[in-house]
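# following is a predicted model, sequence given first.
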Amino acid sequence: MSEENDNVAPLNKDKNDWMPDDQKVEQVNTENDEKNPIDALNSSVQKIQLKSNETNEESDDYTVPLENDNSLNTASSDFTKTTISREIMQTTGKYFVLRQIFKNVSNMKDNDIRWSEIEEHFGVACMSMCRKKDFLSFCCLQSTDTGKWMIEVRQQLVLISNRIEKVREGNATFTNIGKKCNTSGWSSFMNWAKSQKDFLVDDQLTVEIHVKIKKTTGIYKDNLRSFDETMEEFSDVVLVVNGEKFYVLKKFLAVHSSYFKSLFLGQFQESKRSEITLTGIDADDFQNYLELLYGDNPIDEITVEGILLVADMYDTPLVIRKCEEFLLKESKKTLKKKFQMSMKYHLEALKKQCLDKIKSVADIRSVLPEDIRELDPSIMPELLKKSLALHDPK
């Protein structure tokens, strides 16, 4: 094999990138800070980020004002919050956001714990909030797996009010190995009295945690097939994902994926390389993706979303169809989770099944995100029709 190597980011069908439009980072123009308050705020956000990058600390903590003067309207506040999330957290790969509104917060006593709604993403779910004497604390992640597990993440926890936004971020490892509690987080996120004064709105605390999963251990089952150096004589290219090498055949992948067809058989420089690094995906997810292509069945409740992420990124209809069949016929995921996945990965049959299962106003509420603005606009007409039909069966 040749020693040549190159980093290859996913190729978009439009030759931009594979990130959805609602996740792309807005380019910030700071040339007219004094004239434009939105640009001025974005400039301050950039300076905060640069300062954060220079310190190389494991955890960064800062507060961003959302309304410094009367010239900043609601639109600018929303733009600022969105910019913070996008600039600091890379939203490609195994990225997700948990959002929770904790109620009756002022009644919490010492060591009182509130759990968020269970919301599974890539085998990871839920967060908790706790009052520990004079501090507000958070335990941020928990695995849905019952065995021994470990999750390495880059996370950003955000408290939101009408006036101010408290942001704290850093690397973290969550595990149940050798511990009584299988969660961890920030034990002293901020002073309890200050959190009540600055962030409590109608006795409710709005919290977001933005998570980028870097590595998981013990969550996925053992591999069903090898793609290591033992397969070298049967391969003609090596794909490297997070340092792990996969020995595969170019034409086999090209048959199933338009992305790999362009990469291997097109005019790209990479088509002549014998070793290529893929970015933006997880090695375990890619292993499962390949196993499914080669005829094995690695799909289960935990692996299906990661496989779908890779299959969607690399435009692989066979893998997408098999994942959708599992979600349609076997999966025990909640209606809300299935509905989210049907929209994110454009699974029309699954979306239809989810809509058919909505039989009441309570069902409609159950599939809606905490922040209604996160709902895909294309689904709004369908939900409106459902709502009208439920209110007027005739």
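Happy to help now that I have it.

# packing partners of the strand ranked longest in the chain?
In terms of residue count, the longest strand belonging to the chain (DSSP state E) is strand 204-217. Counting contacts by 3 or more CB pairs under 8 Å, 6 or more residues apart in numbering; DSSP states H and E, strand 204-217 is packed against helix 74-88, strand 95-103, strand 150-160, helix 192-199. Using the backbone N, CA and C atoms, a C-beta is placed for each residue, glycine as well.

# what's next to the helix or strand following it, contact-wise?
Counting by DSSP states H and E, the next helix or strand C-terminal to strand 204-217 is strand 237-241. Strand 237-241 is contacted by residues 1, 5, 245-250, 264, 273-278, 281-283, 286 when judged by CB atoms under 8 Å, 6 or more residues apart in numbering.

# can you pull the contacts of residue 103?
203, 204.

# same question for residue 249.
So residue 249 contacts 234, 235, 236, 237 (CB under 8 Å, 6+ apart).

# count residues in the vicinity of the second one, would you?
Spelled out, that is residue 235. Look at residue 235: counted by other CB atoms under 10 Å, it has 18 neighbours.

# what residues are up against it?
247, 248, 249.

# what's the answer for the first one, then?
Contacts were defined as CB under 8 Å, 6+ apart; by that measure residue 234 touches 247, 249.

# pLDDT weak spots in the stretch 1-150 of the chain?
The stretch 1-150 of the chain contains residues with pLDDT under 70 at 1-92, 140-147.

# domains of this protein?
Domain segmentation of the chain under automatic domain parsing yields 20-88, 104-219, 229-391.

# what about stretch 159-168, average pLDDT?
On average, the pLDDT along stretch 159-168 is 78.

# distance from that stretch to the middle of the chain?
Stretch 159-168 sits 21 Å away from the centroid of its parent chain (CA atoms, centre = their mean, to the nearest Å).

# pull up the distance across that stretch, start to finish.
9 Å (CA to CA, to the nearest Å).

# mind listing what's buried along that stretch?
159, 160, 161, 165, 166, 167, 168 (16 or more other CB atoms under 10 Å).

# what number of residues are in the vicinity of the closest residue to residue 336 other than its chain neighbours?
Leaving aside its chain neighbours, residue 336 sits nearest to residue 367 (4.8 Å; criterion: CB to CB, 6 or more residues apart in numbering). Per other CB under 10 Å, the neighbour tally for residue 367 reads 21.

# now the closest residue to residue 258 other than its chain neighbours. Its backbone dihedrals?
By the measure of CB to CB, 6+ apart, the closest residue to residue 258 outside its immediate chain neighbours is residue 315, 4.5 Å from it. Torsion angles at residue 315 (phi, psi; degrees, to the nearest 10) stand at phi 50, psi 70.

# how many residues are close by residue 315?
Count around residue 315 with other CB under 10 Å applied: 20.

# the one 4 residues further on too?
Counted with other CB under 10 Å, the burial measure for residue 319 works out to 24 neighbours.

# avg pLDDT for the helix or strand hosting it?
Per DSSP H and E: residue 319 is located in helix 317-329. For helix 317-329, mean pLDDT is 97.

# roughly how far apart are the closest residue to residue 136 other than its chain neighbours and residue 133?
Excluding the flanking residues, the one nearest residue 136 by CB to CB, 6+ apart is residue 195, at 4.5 Å. To residue 133, residue 195 is 13 Å away according to CB to CB, to the nearest Å.

# those two: which is more packed in?
When residue 195 and residue 133 are compared for neighbours, residue 195 comes out ahead with 20 against 9, by other CB under 10 Å.

# where does the stretch 151-300 of the chain have low pLDDT?
163, 177-185.

# again, only this time at 50
Applying pLDDT under 50 to the stretch 151-300 of the chain flags the ranges 179-183.

# buried sites along stretch 192-205?
Result for stretch 192-205 [16+ other CB under 10 Å]: buried residues 192, 195, 198, 199, 200, 205.

# of the residues you listed, closest to residue 257?
Of all the buried residues of stretch 192-205, residue 205 has the smallest distance to residue 257: 44.5 Å, by CB to CB.

# residue contacts, the closest one?
Residue 205 touches 101, 102, 105, 129, 159, 195, 199, counting by CB under 8 Å, 6+ apart.

# what does residue 116 give?
98, 100, 102, 126, 127, 128, 129, 207.

# which residue, other than its chain neighbours, is closest to the first one?
The reference is to residue 98. Residue 98 sits nearest to residue 209 (CB to CB, 6+ apart), 4.9 Å away.

# isn't the one you found up against residue 155?
Yes - counting by CB atoms under 8 Å, residue 209 does reach residue 155; the two are 6.1 Å apart.

# report all helices and strands that the helix holding residue 319 contacts.
helix 250-256, helix 283-293, helix 304-313, helix 335-344, helix 348-357.

# sorry, back to before: now the domains of the chain in a markdown table, with distance to residue 94?
Shown next, in a markdown table, are these (distance: least, CB to CB, whole Å):
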| stretch | distance to residue 94 |
| --- | --- |
| domain 20-88 | 13 |
| domain 104-219 | 4 |
| domain 229-391 | 6 |
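
# residues contacting residue 265?
250, 251, 254, 271.

# one step back: out of the contacts of strand 237-241, list just those in strands.
Using DSSP E, those in strands are 245, 246, 247, 248, 275, 276, 277, 278.
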